[in-house]
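Asker: the following block contains a protein sequence and its predicted model.
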Amino acid sequence: MFDAKIYVQRRAGLKKAIESGLLFFLGNDESPMNYTDNPYHFRQDSSFLYYWGLDNPGLAAIIDIDGDKEMLFGDDLTVEEIVWMGPQPTLRERSLQCGVRETGPSKDLEVTLKAAVREGRAIHFLPQYRSDSILKVQHLLGIHQGPVNDYASKVLTKAVIDQRAVKKREEIEQIEAAIAITYDMQTMAMRESKAGMYEREVAGAMEGIAVSKGGNLAFPIIFSVHGETLHNHFHGNKMKSGDIVVNDSGAESSLHYASDITRTFPVGGRFSERQKDIYRIVLSAQEAGMRSIKPGVKFKDVHILMCKVLASGLRDLGLMRGDLDEAVNEGAHALFFQCGSGHMMGLDVHDMENLGEDLVGYGDGIRRSEQFGLRSLRLAKALQPDFVVTVEPGLYFIPQLIDAWKASKKLAQFVDYQMVEKYRDFGGIRVEDDVLVVDDGYRLLGKIIPKTIEEVEGLSSRQ
């Protein structure tokens, strides 16, 4: 945990933003894998962590702004539970770690909330994303008409997003600690991947590094010779010399701050000339995107700039043609780049998106596009100092998508389908880093992970 003063300051800022009412925070419970005593690895709710810091199941908290009271609810272990779990700090001891002096057993939470409901008090809670939490909130607040999240507090949600979006020094240190772990994961994968190995051998070793360093994975590892599948969590392919592997992976620090790094490398140690051509285009787009980052710049504009760099490189190879501005405006590049090029990052790898992706990534009068590709952009709004964002352009050759566009001659004025056919089995390439927005631009976070062709080839295993 951070020092208790940090959590006290965070809650003070939240109370100032809301001004009145009861703020209700529900922590996560354990979730059984296949029976009650065999749970999934516990992960606390990120907003609960942000304001209370306690990484234990079965907790809830209330801030009574009008009564100037903060209270944690939970149950101490019974002797029988201690037999299985060992002695644990009491709720009182834990509460002092985050600067809270008033505690109560779990049963008192229901009493407190139902009394507030009877009194007609405003009760603010965040959107819920787990089915057990939705049912608990429904019961505690007596919500019986319509989905629970229809009653979630818009004012609290906005205040939390505004506060969590701006990262403090101690948070940046945690993110860089997570990137340090990811450095070890990424460089090990480059060194150890050999023809004849299965992807799962390397993916499993990366997960082991994350755990052994005192953290965990920030998200399921994407490690595949089929990098054209954007979120490919299948690790059953046998790697062959000449394959290229997309390794999109990230660790959590011990305090659950995330990292998210992608590298693409050749199995066998050498890119082919054609692979180098595509790789250079992607890396050039990423470098151009990062150079354009500074406070006040809309990330949508950063994304469009990267799309134009990608389209320019594809035109040089003969896969695209015509006016580039018009081609990107019409979405022709989305045959090769079907997704967004970045997102916010912090306690969640896609930071706060459980609170509403558009609320986190849009605003400022920017509306989400309906256009294929551009509609998948998670972050579009103007950047502010101390935002942490990912920058992750890529090029992906998806045979089924190529066939569909070619059959309908979609945007054929911008796409040379005859040339595209020569790349249909190419796969995909993505390069991704995590950056901090600073007053005069950006700062690349963490230990530098090899990404130029020369650096990647120098580290990759050779047969």
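Answerer: Right, received. Where do you want to start?

Asker: so residue 21 sits against residue 65, correct?
Answerer: Yes: contact criterion C-beta atoms under 8 Å: residue 21 and residue 65 qualify, at 5.9 Å. Using the backbone N, CA and C atoms, a C-beta is placed for each residue, glycine as well.

Asker: stretch 21-30: end-to-end distance?
Answerer: 29 Å (C-alpha to C-alpha, to the nearest Å).

Asker: then stretch 379-389?
Answerer: Stretch 379-389: ends 9 Å apart by C-alpha to C-alpha.

Asker: next, the buried residues of it.
Answerer: For stretch 379-389, burial by neighbour count (16 or more other C-beta atoms under 10 Å) applies to 379-381, 383, 386-389.

Asker: what helix or strand is residue 163 located in?
Answerer: If you go by DSSP states H and E, residue 163 is part of helix 154-165.

Asker: contact partners of that helix?
Answerer: Residues from elsewhere that reach helix 154-165 (C-beta atoms under 8 Å, 6 or more residues apart in numbering): 10, 13-14, 17-18, 23, 47, 50, 124-127, 344, 346-347, 351-352, 355-356, 359-360, 384, 387.

Asker: export that helix to PDB, keeping only CA atoms.
Answerer: Output of helix 154-165 as PDB, limited to C-alpha atoms (Å, rounded to 0.1, in the frame of the first residue of the first chain):
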ATOM      1  CA  LYS A 154     -23.100   9.900 -13.100                       C
ATOM      2  CA  VAL A 155     -21.600  12.600 -10.900                       C
ATOM      3  CA  LEU A 156     -19.500  10.000  -8.900                       C
ATOM      4  CA  THR A 157     -18.400   8.200 -12.100                       C
ATOM      5  CA  LYS A 158     -17.200  11.500 -13.600                       C
ATOM      6  CA  ALA A 159     -15.400  12.600 -10.500                       C
ATOM      7  CA  VAL A 160     -13.600   9.200 -10.200                       C
ATOM      8  CA  ILE A 161     -12.600   9.300 -13.900                       C
ATOM      9  CA  ASP A 162     -11.300  12.800 -13.600                       C
ATOM     10  CA  GLN A 163      -9.300  12.000 -10.500                       C
ATOM     11  CA  ARG A 164      -7.900   8.600 -11.500                       C
ATOM     12  CA  ALA A 165      -7.000   9.800 -15.000                       C
END
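
Asker: report all helices and strands that the helix or strand that that helix is followed by contacts.
Answerer: Sequence order places helix 169-192 as the next helix or strand after helix 154-165, per DSSP H and E. In terms of contacts (3 or more C-beta pairs under 8 Å, 6 or more residues apart in numbering; DSSP states H and E), helix 169-192 is packed against helix 199-212, strand 244-249, strand 251-252, strand 261-266, strand 433-438, helix 453-459.

Asker: next, the angle from the host helix or strand of residue 302 to strand 433-438.
Answerer: Per DSSP H and E, residue 302 falls inside helix 299-316. With axes from the mean of the first three to the mean of the last three C-alpha atoms, to 10 degrees applied, the angle from helix 299-316 to strand 433-438 works out at 140 degrees.

Asker: before we move on, back to that, and the buried residues of stretch 379-389, which is closest to residue 256?
Answerer: Distance to residue 256 across those (C-beta to C-beta) is lowest for residue 388, with 14.3 Å.

Asker: residues contacting that closest one?
Answerer: Residues counted as contacts of residue 388 (C-beta under 8 Å, 6+ apart) are 167, 172, 175, 344-346, 351, 434-437, 445.

Asker: format those as TSV; extra columns: pLDDT, distance to residue 256 and neighbour count.
Answerer: As requested, these are arranged in TSV below (pLDDT from 0 to 100; distance: C-beta to C-beta, whole Å; neighbours: other C-beta atoms under 10 Å):
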residue	pLDDT	distance to residue 256	neighbour count
167	98	14	23
172	98	15	18
175	98	11	24
344	98	15	26
345	98	12	27
346	98	10	23
351	98	12	27
434	98	15	25
435	98	20	22
436	98	18	19
437	98	22	22
445	98	17	18
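
Asker: and which of these is nearest to residue 262?
Answerer: Lowest distance from residue 262 to these (C-beta to C-beta) belongs to residue 434, with 10.4 Å.

Asker: OK, contacts around the closest one?
Answerer: The neighbours of residue 434, taking C-beta under 8 Å, 6+ apart as the test, are 175, 179, 259-261, 345, 388-390, 444-446.

Asker: and residue 458, by the same measure?
Answerer: residue 450.

Asker: distance-wise, check it relative to residue 244.
Answerer: Taking C-beta to C-beta, to the nearest Å as the measure, residue 458 falls 16 Å from residue 244.

Asker: likewise for residue 107?
Answerer: To residue 244, residue 107 is 57 Å away according to C-beta to C-beta.

Asker: right, I'll leave it there.
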